[in-house]
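Peer 1: Okay, sequence plus prediction incoming.
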Amino acid sequence: MREPTGGLLSRYEIFASKNLDETYAFMERGAHFFEMSPRDSGTLDLVSRMVFLPNTNMGRIYYGSAVLAGARDLGRPERFLISIPLRGSSEFANKARSLECSPARSFVVSSTEEYTMRSAAESDRLTLHITKAAVMTQLAALLGDQPGRRLEFLPELDFGTTHGRSLRRQVHLAIADLDEAGPEGASPLMLNMYEQLIITGLLLNQASNYTAALNRLENKNGPGDVKRAIDFMEAHLHLPITLVDIAKASGVPGRTLLEHFKDHRSVSPMRYLRNARLAKARQALLGTDCAASVTQIAMEWGFSHLGRFAIEYRNQFGESPSNTLTRSRAGRPIPPKKPAKGR
């Protein structure tokens, strides 16, 4: 029997069993139902992993055997369900539609009622549940106004397109950093940052009935809104601020602010925020009384993936964070800052 693909979310395992009775009990506790053929019970190898962001549950499910599973309608708040298959095939079905899923193609649907997922043997997938309220808040920030109608995404999610690949890449980026940090190291700042990345990526990459409105936003204002956004970010670097907060402080819609940052700073607001936090980390490393380690300083400013922190730090400042700390403690001159590289 094959194991789940890679080690994705391995530090966030909530259940694993090859026992059918244990599996039934686990699924029942989570208000899910579960069916499988008795002849396949010998190949059952359920592995369930889950990480909880402020408004998003991001999980991974592997059954080993072919199964039919799903969620019951318990009157929970409306959520958007996104499936990102890693291996194998499955079929999503609710009262409205049936959708085939594979590593090449999947779905984004609104989940308010009972649905089923028929999974082939050895299929493995990531699943995201994002509250509709969080997505609508982010949409309002991008538009600069409250949405006037229900948000409806195109159900089909095509990973053969640039937009589909971008959304999948953003999810995997979040998982890589969460795996590095582990449950004990995933700070509220970090969890909030990656939720913002995923929700914004969903709204900008997956076609919806608001795509045209998002694309029509004009570049109406000058750099004043960029300055207001920067002033706000610089004053709140230690807090888990969101694009909603930044757009509100800037006085323009979030999508307009994204365009202005691209035009005048060559980076997105969230990238600017990340670079500013890198600068704060450097400032701490340069402190004459710095007793903290590189790891402690990186964590303090929201960088839990230490390998990526080191790469980004070197790209921005021309040396590794450990070299900065070592030479600062030795009292040797620090090289001049290299221009930051936009992304």
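Peer 2: Thanks, I have the structure now. Numbers count the residues shown, from 1 in each chain.
Peer 1: And the strands in this structure, which stretches?
Peer 2: Assignment of strands within the chain using DSSP state E yields the ranges 13-17, 32-35, 46-52, 56-62, 67-71, 79-87, 90-93, 98-101, 105-111, 115-119, 124-131, 156-158.
Peer 1: Reformat these as a markdown table; add mean neighbour count and distance to Thr242.
Peer 2: Using the backbone N, CA and C atoms, a C-beta is placed for each residue, glycine as well. As requested, the strands of the chain are exported to a markdown table (neighbours: other CB atoms under 10 Å; distance: least, CB to CB, whole Å):
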| stretch | mean neighbour count | distance to Thr242 |
| --- | --- | --- |
| strand 13-17 | 14 | 27 |
| strand 32-35 | 15 | 31 |
| strand 46-52 | 20 | 17 |
| strand 56-62 | 21 | 13 |
| strand 67-71 | 19 | 28 |
| strand 79-87 | 20 | 18 |
| strand 90-93 | 18 | 30 |
| strand 98-101 | 16 | 30 |
| strand 105-111 | 20 | 21 |
| strand 115-119 | 21 | 29 |
| strand 124-131 | 21 | 14 |
| strand 156-158 | 19 | 24 |
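Peer 1: any idea how far the closest residue to Phe26 other than its chain neighbours is from Gly59?
Peer 2: Of all residues not flanking Phe26 in the chain, Phe15 sits nearest, at 5.1 Å (CB to CB, 6 or more residues apart in numbering). The gap separating Phe15 from Gly59 is 11 Å, by CB to CB, to the nearest Å.
Peer 1: Give me the common contacts of the two.
Peer 2: Listed as contacting both Phe15 and Gly59 by CB atoms under 8 Å, 6 or more residues apart in numbering are Ser48.
Peer 1: Met270: neighbouring residues, count only.
Peer 2: For Met270, the count of nearby residues is 19 (other CB atoms under 10 Å).
Peer 1: Using TSV, lay out the strands of the chain together with distance to Leu257 and mean pLDDT.
Peer 2: Below are the strands of the chain laid out as TSV (distance: least, CB to CB, whole Å; pLDDT from 0 to 100):
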stretch	distance to Leu257	mean pLDDT
strand 13-17	38	94
strand 32-35	40	88
strand 46-52	29	95
strand 56-62	23	95
strand 67-71	36	92
strand 79-87	23	95
strand 90-93	35	94
strand 98-101	34	94
strand 105-111	25	91
strand 115-119	36	93
strand 124-131	22	95
strand 156-158	26	96
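Peer 1: Those strands into TSV, with extra columns for distance to Ala247?
Peer 2: Converted to TSV, the strands of the chain look like this (distance: least, CB to CB, whole Å):
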stretch	distance to Ala247
strand 13-17	35
strand 32-35	37
strand 46-52	25
strand 56-62	20
strand 67-71	33
strand 79-87	21
strand 90-93	33
strand 98-101	33
strand 105-111	23
strand 115-119	33
strand 124-131	19
strand 156-158	26
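Peer 1: the domain parsing of the chain - what is it?
Peer 2: 10-132, 217-265, 275-330 (automatic domain parsing).
Peer 1: Distance to Gln206 added to the ones you listed, as JSON lines?
Peer 2: As requested, those are arranged in JSON lines below (distance: least, CB to CB, whole Å):
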{"stretch": "domain 10-132", "distance to Gln206": "5"}
{"stretch": "domain 217-265", "distance to Gln206": "15"}
{"stretch": "domain 275-330", "distance to Gln206": "26"}
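Peer 1: Of these, which is nearest Leu191?
Peer 2: Between Leu191 and the domains of the chain, the shortest separation by CB to CB is 4.9 Å, and it involves domain 10-132.
Peer 1: what are the bridge partners for the residue lying closest to Cys101 once chain neighbours are set aside, then?
Peer 2: Computed as CB to CB, 6+ apart, the closest residue to Cys101 that is not its neighbour in sequence is Ser90, at 4.6 Å. Beta-bridge pairing of Ser90 under DSSP bridges involves Cys101, Ser119.
Peer 1: What distance do you get for Asn205 to Tyr194?
Peer 2: 16 Å.
Peer 1: again with Ser304
Peer 2: Distance of Ser304 to Tyr194, given as CB to CB: 10 Å.
Peer 1: Report the set of residues contacting both of these two.
Peer 2: With CB under 8 Å, 6+ apart applied, the overlap between the contact sets of Ser304 and Tyr194 consists of 177-178.
Peer 1: What ranges in the stretch 201-343 of the chain fall below the confidence cut-off?
Peer 2: Scanning the stretch 201-343 of the chain for pLDDT under 70 picks out 217-222, 288-290, 331-343.
Peer 1: Can you show me the helices along it?
Peer 2: Per DSSP state H, counting those that start in this stretch, the stretch 201-343 of the chain carries helices over the ranges 211-216, 224-235, 243-250, 254-264, 269-286, 294-300, 306-317, 321-330.
Peer 1: would CSV of these with distance to Cys101 be doable?
Peer 2: Formatted as CSV, those follow (distance: least, CB to CB, whole Å):
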stretch, distance to Cys101
helix 211-216, 22
helix 224-235, 38
helix 243-250, 29
helix 254-264, 30
helix 269-286, 30
helix 294-300, 37
helix 306-317, 30
helix 321-330, 41
